[in-house]
Structures are given as C-alpha cells and as structure tokens.
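*Asks:* fold the following and give me the result.
(chains A and B, ligands or ions: 1)
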Amino acid sequence: MKRREALKTLGLAAAGLVTLPAWASGWTARDVAIKSSTFSSTEQALLASVADTIIPAKNNVGAIPQEVHKFLVRLFDECYEKEKRENIKRQLNVMNNLAMKDFDSSFMDSSQQQREQILLSFSESEDESEQEFFQLVKIETIRGFRTSKVVMQDYHGYRLVPGFYNGNVDVEA
Amino acid sequence: MANLNIVSKKKRTYDAIVIGSGATGGWAAKELCDNGLNTLVLERGRDVKHIEDYPTASKAPWEFEFRGTVPLDKRTGYGSGKRLRMETLHWQLKDDEQPYIAEKPFRWFRGYHVGGKSLLWARQTQRWSNFDFEGPVRDGFAVDWPIRYRDIEPWYDHVEKFAGIAGDKDGIPELPDSIVQPAIDLNVVEHYFKEKIKEHYGDDRHLVAARCAHLTDPQEIHLQQGRSKCLHQTMCNRGCNLGGYFSSNASTIPWAMKTGNLTMRPDSVVHSVIYDDEKEKVTGVRVIDRHSKEMMEFYANIVFVNASALNSNMILMNSRSNRFPNGLGNDNGLLGKYIAWHNYRGNASASVPGFEDKKTEGRRPSYAYIPRFRNVFEQESDVDFRRGYAVGVSTGRGSNTNTDTIGDKLRENILNPELNENWHIGTWMMGETVPLEKNHVRLSKDKTDKYGIPQLIVSCEWDENDDNMTEDYLQEMTAMFKRAGFTNIDVEDTHSPPGADIHEMGGVRMGHDPETSLINKWNQLHHAKNVFVTDGACMTSTGSQNPTLTFMALTARAANYAFEELKKGNL
Ligand SMILES: Cc1cc2nc3c(=O)[nH]c(=O)nc-3n(C[C@H](O)[C@H](O)[C@H](O)COP(=O)(O)OP(=O)(O)OC[C@H]3O[C@@H](n4cnc5c(N)ncnc54)[C@H](O)[C@@H]3O)c2cc1C
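*Replies:* Next up, the predicted model:
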C-alpha cells in the first residue's frame, strides 16, 4: 500500500495525523475505510488503533489481522443507538487530544505502551461516558476477536460439525 | 351462479382438515394421509420447507456480520423485552401478529410458521406411566383420565419408531422404556452423580440419560424420510439440514406430502370451526387469508384442532353457533378452564470437586434426567404438596479467560483459555401443576387482533401447591448435591411466570363424562364427534414429563380412530 494514498483516503493529513502506524502498512485503499459509515475515516482509523491497542497482533493474530476494526465500525453503526455511537466518536477525539497533549503525537503514532496508558486512564476515569467508551469498545473488541474463525478454530478447537460428544476425556498434563 | 358456487365449494372440500402444522398437526396429517384421506392442513404462519428455509443452519459464528447481534433496523416490531439473535430471528413473532392480554403474569411462547414449535423445541421425550394417568383419581383433582398407559403404549411405540428416540432401556416403572436408539451418553461426572444417588436413595431415585428425539442410529424408516444421523452441531433451533432431530418439517410433513394426499395451506389464520345446526355436525373451518385478509371457508368430514393448546381453546371459543352460543362443544361451560402447565421455577447449581483430570470434547444436544420421585407410589405423609417434579441435569467443565488487562497479555489469555478448576452442575425442576378451575383463558369482549379475531385473555397463577413443591425441590436438590460432595451450592426460586415452561395444557380436557369434560377418550368433542382436539389442550392433568411425545402419541391414536370411524360411516 502506498502510504501517501492511504493518508489521503483517510484524510489523516487534514486531521493532523502525519503518518500511518506500522500495522496499517498492509492496507489497501479499499480496506482503509468503510465508505458508507457514519464514522469518518479518521474516526475509523482511531477506532482501529484502539482495537489494535487492546489486542495487538503477534504472528498475524490479533484484532487487526482478524479484522475486528471493521466489525466494530459496522457493529457500532448498525447495532448501537445513536447516543452510544456519538459518545464513542467523541471519546475517540478526546483520546487523540490526550495523546497530543501528553505524548506530543497522535494516538496512532504513540507507542503501544503509551496507547495502553491512555486507554487505561479512560477505564479509571470518573467521567462515566469515558468509562463506558472504554468498556464498550473493549468488550466488543474481545467479542469480535474471540468469534473470529482463526481464534475459534485454531486456538479453541471449535468445529461447526463436531459429530460426537465425549464426556470422559483425560486432560493432558 | 349457483353452479359456480357448487364447483368452488367442491374445490374447497377435503376428507379431513387439520388446523396447525406443528408437532401434533404434523402427526395428524401424516396418519390421515397414510390412511388415504385427502387432507388439508391450515397453518397461520408462512411456509417453511425443510433445509431450503433454514437460512442460518450451516453458518459458523464468524459468518454472521454482527456475530449474532440483530441490527437496529431489524428489531422493529418485536417489542423491547425479547432477546433477539440473528441465528433464530426468522422464527420470531412480531408483536402485532397476535396481541393477547395477560391478566396475571404469563409468558406465551409461540412459533407461527409451518412446523410450529417443533422447530424450536429442546427435543426431550419422556413417556408417561400409570402413575401419571392415575394421578387425578388417586389424589382427587381434575377428573379421571378415561385412558391408561396400556391405551397409549402402542402409540408411543408407533411415534417413537418413526420420530427416532435416543435413550437407554432404564427399566424404571415411573418412566416406561421407549423404543430407543443408543443414548447420548452421560459424562463422567453424571455417571458419578448417578452412582451417588443410587447409593443413597436405592431404587427411589434415578438419574438417566434423558430420552430425546435425535437420530443416533438412523433406521430404514428414517432414511426414507431423508433424515440422517445427528452430528452434534447443537444449533437445532435454527432448523437442522441433516434432519438429525425430529421436527414436522423434516419428518411428518414431507412424509404426508409424498402420499399425494396432503394440501398445505400456509398463511391461513383459522378464525373458527363451522357447525351446521341442521346437519348437527361440523362441516368445515373459516379462515382469514393472512395477506388478502379475506375470509374463506374450507369443508371436510372431520376436523383436527392442533393449533397448540391455547390457540385450540381460542378457536373453539370463537366457534359460536345457535347450538353452541358459548363455543363449540361447550355445554358445560368448562371450555378454557383448568389450564395447567409445568413448574420450572426452581434452579440449583454447584461445583463438583475432583475430576480435575477430566474434561469433555465435542458437543451434546441433550441432558441427564431425574424422573419424578416425590409422591410416586403414594402420597407421602411428610410432604406438603400433591404430585411431584422431574429434574433436568446438565454438567460440564467450562474454561475461563482473564480479561482484566489489555495488550499482549490479553491476547495470550484469550488464545489460551484455562480449564475451570472444577466441573459445574446445573439442574432445573419440571413440576406437575394441579389444574384449577380459576386458571383459565377466555376471549376479550372488546379487543380484537388485526384479523378481527377476539384477543385471548390469559388468567393463570401459581398456587400454594406450586410454592411448596418449589421449596421441596430446592431442599432435595441441596441434599442430593451435599450427599454427592458438591460444593458452592446455590439454589433459587426464580418466580418465573406461568407459561415460561412452554408446556401450557388443558382447557379442552378429556374425561368420561360430558358434564365435566369436553372430549372423550378418543379426543372427540363429546357434542361434536367429528372434531378431534389432540394437542396440549386435551390434557386432563400435566404429569411432570416433557409433554410433546404424549401429545403426538394421542394425536396418532386419535387420527387412526377417526379414520376407522369414517370408514364405518359413524362421523
Ligand atoms: C424452546 C422450547 C423448548 C421446548 N422443549 C421441549 C422439550 O424438550 N420437550 C417437549 O416435550 N416439549 C418441548 N417444548 C414444547 C413443544 O414445542 C410443544 O409442546 C409442541 O410443539 C406442541 O405441539 P403443537 O402441535 O401443539 O403446537 P405447535 O408446535 O406450536 O404448532 C401449532 C401450530 O399451529 C399454528 N396455529 C396457531 N393458531 C392457528 C390458527 N388460528 N390457524 C392456523 N394455524 C394456527 C401455529 O402457527 C403452529 O404452526 C419446547 C418448546 C420450546 C419453544
């Protein structure tokens, strides 16, 4: 993916976000943003970065490789009431501003450690809407990841058609 | 003009009409068609073809865009209280389809489509014994059942062979053996619990693999239906492409269709049954077409009412004529009364120490079962309630994931869940309720639904017998858990409303005497012999067993009797 193109599509330059984070380097323009969403491309990128912070990828397994960020955008657009959705957008901005203030870089450009720090500050916030934002995005990120094909099949042994039940299996030591 | 009318009437005339295509209607249709009767099934809901109309049957969790969550724009019309899921949204009933009035808290669970609730049920199938049929006369409630186990036994056999039941031959008098295929086996903890129960209670209490309508060893008759072995997908309530469990759609309806004698008319809301005052018999059924809202009539020599218990009551109550101003066959005023159900209020759970080296694999579509043990052989003197309860039992060893953190640690935690330290056991009570006259349904005098049919008023409530029985279940379950060495025991009376059990019954009860019952021992209305009511409405008492197997056996029995009577010219 040409980074410059991606930046343009995302409108990141305009939002003051100069570089795409490392995980976005594999993106194609079509992948970058869901066009029909109420989330702006900047908000989508921020949300993706939050999901990436909550479950970072290793060996190509994590929120982004499992496309949890896309799941989140569609889910919040279609399955959540407007107030909840607007709060998510608001808090994404708050979060990004916090990164600018504390770390002098956009949220996406901050390190994993810095991003975690910001998110955890939301989880401990006295502001209910900040807490709600964190809990909601976290729960749904976990759900999206956990119900992905790779996690269910390769890690949790899920089979659509098990064909049997064995109620007496030895646990390997 | 007159001629045209005759032609059109002839086109709408059949040997038999069956109202409803659910678990019991499907059986009526099959038996009548097998006997060569030209049969019309009238079903208020849409058509559901086996496999073709199971849109989610083979979908993995990740194939749902919102992983099962229902988007807002698809939630409209269902009311706010319902827990909707994309996996099963296609079976959900919209609120405006049939509003009803719960005068006291009541939950009415309905499935309105071809196949009815046979597509949604949990497929548990336990036989009744004489301890159930003799209940009313022994304990002095309701009226005596005009039939006994020996009357229904051959029809249990008949239904079980065709439907396919998995289970063991347990040899327990209060839970007669079924015709079975291999049971879906108990797990290691349930085997242990079974032994412990035997140790402490001897032959008084048993734990068995619940009998269930799953094919574990399909026979020729099942292959002929196009069904195959259950592969433990445990997504049964989406519809099963394998036909691994019994539903009307997989089994009785396509079978009846193959005879060439069945006409299925979906989207046909039955309004009432037509009684001809001159002929002194029922001549047909009035239907409102769900789309055109047009009222139409269909005619037949016999009518089977199988719209599910409360709907069958409703249809009969709405069938008024000069002869029957208070509803068809309702000379004694008991139609709609003595509604009863099952008491599912009690839950109990515990941890199971030991078995740390054991776990389960695969999935299981069924449970374990403890047949009724209270007041079976006689009313026990130290028990402050009549009748008793069966217990459903489910155990397993779950896993857990610590999600307190975020970042790399969270990912690793999710990818590597830990087996729970202990196995867990959960049980639920299934109690018999005693039918009381005050528990009833009736038609509203001023409120109608969008088809102009009077709304149903449901007036049912718990009674002291139910409270005491629930209390006993909580105590006895605690005792059984303790004796097995289980810990963290937690018991609860959920106070769930009547109807939450989805086993509502009665209102058109069977009995010897037309003064005190609505139908005779062949499920015929005492006063309109060519009408047969064979779903849950016919039940004089409720037993504690999952009731559908009994409804289906009664239906098959009545349908064959109806055929014989027709042949003899008696109807
Ligand atoms: C979640 C769940 C779990 C269950 N588990 C079990 C279990 O394990 N064991 C057990 O024994 N039972 C169980 N049941 C209950 C079982 O499903 C019912 O007892 C059984 O389906 C009743 O059969 P029926 O033919 O009387 O009614 P249904 O199967 O409900 O069929 C009635 C049909 O009549 C149609 N109808 C209604 N009114 C009209 C009208 N006016 N005109 C035309 N058609 C009409 C309906 O649309 C429907 O298709 C369960 C039910 C549910 C929902």
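
*Asks:* only C-alpha atoms for contact and neighbour calcs from this point on.
*Replies:* Fine.

*Asks:* what segments of chain A are strands?
*Replies:* Secondary structure of chain A, counting by DSSP state E: strands at A:165-170.

*Asks:* quick one, longest helix in it?
*Replies:* Assignment by DSSP state H gives helix A:82-103 as the longest helix of chain A.

*Asks:* contacts for stretch B:461-469, please.
*Replies:* Stretch B:461-469 has contacts (C-alpha atoms under 8 Å, 6 or more residues apart in numbering or on different chains) with B:104-105, B:343, B:384-386, B:388-389, B:431, B:433-434, B:439, B:497-498.

*Asks:* list the buried residues for that stretch?
*Replies:* B:461, B:462, B:465, B:466, B:467, B:469 (16 or more other C-alpha atoms under 10 Å in any protein chain shown).

*Asks:* where do the helices sit along chain A?
*Replies:* Counting by DSSP H, chain A has helices at residues A:3-10, A:29-32, A:41-54, A:68-79, A:82-103, A:112-123, A:128-146, A:149.

*Asks:* any idea which of those is most buried?
*Replies:* Mean neighbour count (mean count of other C-alpha atoms under 10 Å in any protein chain shown) peaks for helix A:41-54 among the helices of chain A, with a mean of 24.

*Asks:* can I get the CA coordinates of it in PDB?
*Replies:* Extracted in PDB, the C-alpha atoms of helix A:41-54 (Å, rounded to 0.1, in the frame of the first residue of the first chain):
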ATOM      1  CA  SER A  41     -12.200   7.900   8.100                       C
ATOM      2  CA  THR A  42     -10.200   9.500  10.900                       C
ATOM      3  CA  GLU A  43     -12.500   8.100  13.500                       C
ATOM      4  CA  GLN A  44     -12.300   4.700  11.800                       C
ATOM      5  CA  ALA A  45      -8.500   4.800  11.900                       C
ATOM      6  CA  LEU A  46      -8.600   5.800  15.600                       C
ATOM      7  CA  LEU A  47     -11.000   3.000  16.400                       C
ATOM      8  CA  ALA A  48      -8.800   0.600  14.600                       C
ATOM      9  CA  SER A  49      -5.900   1.800  16.600                       C
ATOM     10  CA  VAL A  50      -7.900   1.300  19.800                       C
ATOM     11  CA  ALA A  51      -8.700  -2.300  18.800                       C
ATOM     12  CA  ASP A  52      -5.000  -2.800  17.900                       C
ATOM     13  CA  THR A  53      -4.000  -1.500  21.300                       C
ATOM     14  CA  ILE A  54      -6.500  -3.800  23.200                       C
END
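
*Asks:* now the angle from it to helix A:112-123?
*Replies:* Inter-element angle recorded for helix A:41-54 and helix A:112-123: 100 degrees (by axes from the mean of the first three to the mean of the last three C-alpha atoms, to 10 degrees).

*Asks:* which helices and strands does helix A:41-54 pack with?
*Replies:* Counting contacts by 3 or more C-alpha pairs under 8 Å, 6 or more residues apart in numbering or on different chains; DSSP states H and E, helix A:41-54 is packed against helix A:3-10, helix A:68-79, helix A:82-103, helix A:112-123, helix A:128-146.

*Asks:* could you list the residues in contact with it?
*Replies:* Outside helix A:41-54, the residues within contact range by C-alpha under 8 Å, 6+ apart are A:9-12, A:15, A:32-34, A:62-64, A:68-70, A:72-73, A:89, A:92-93, A:96, A:107-108, A:112, A:115-116, A:137-138, A:141, B:406-407, B:410.

*Asks:* any idea of the mean pLDDT in the helix or strand containing residue B:554?
*Replies:* Assigned by DSSP states H and E, residue B:554 belongs to helix B:548-567. Helix B:548-567 carries an average pLDDT of 98.

*Asks:* quick one: name the residues of the stretch 101-250 of chain B near the ligand.
*Replies:* B:110-118, B:120-125 (C-alpha under 6 Å from any ligand atom).

*Asks:* can you list the helices and strands packed on helix A:41-54 in CSV and add mean pLDDT and distance to residue B:372?
*Replies:* What follows is the helices and strands packed on helix A:41-54, written out as CSV (pLDDT from 0 to 100; distance: least, C-alpha to C-alpha, whole Å):
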stretch, mean pLDDT, distance to residue B:372
helix A:3-10, 46, 66
helix A:68-79, 98, 45
helix A:82-103, 97, 49
helix A:112-123, 96, 50
helix A:128-146, 97, 41
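
*Asks:* and of those helices, who's closest to residue B:305?
*Replies:* Nearest to residue B:305, of all the helices and strands packed on helix A:41-54, is helix A:68-79, at 41.1 Å by C-alpha to C-alpha.

*Asks:* relative orientation of that closest one and helix A:128-146 in degrees?
*Replies:* The directions of helix A:68-79 and helix A:128-146 differ by 120 degrees, with the same axes, to 10 degrees as the criterion.

*Asks:* what's helix A:68-79 in contact with?
*Replies:* Residues contacting helix A:68-79 (C-alpha under 8 Å, 6+ apart): A:34, A:37-39, A:44, A:47-48, A:51, A:63, A:85, A:137, A:140-141, A:144-145, B:65-66, B:69-73.

*Asks:* which residues touch the residue in chain A that the ligand sits nearest to?
*Replies:* Here chain A gets closest to the ligand at one residue, residue A:165, 19.1 Å apart by C-alpha to the nearest ligand atom. Contact analysis of residue A:165 by C-alpha under 8 Å, 6+ apart lists B:184, B:232, B:360, B:361, B:362, B:363, B:364.

*Asks:* kindly report the same for residue B:95.
*Replies:* B:77, B:78, B:79.

*Asks:* count the residues that sit near the closest residue to residue B:23 other than its chain neighbours.
*Replies:* Residue nearest to residue B:23 in three dimensions, not counting chain neighbours: residue B:118, with 5.0 Å by C-alpha to C-alpha, 6 or more residues apart in numbering or on different chains. Neighbourhood size, residue B:118 [other C-alpha atoms under 10 Å in any protein chain shown]: 24.
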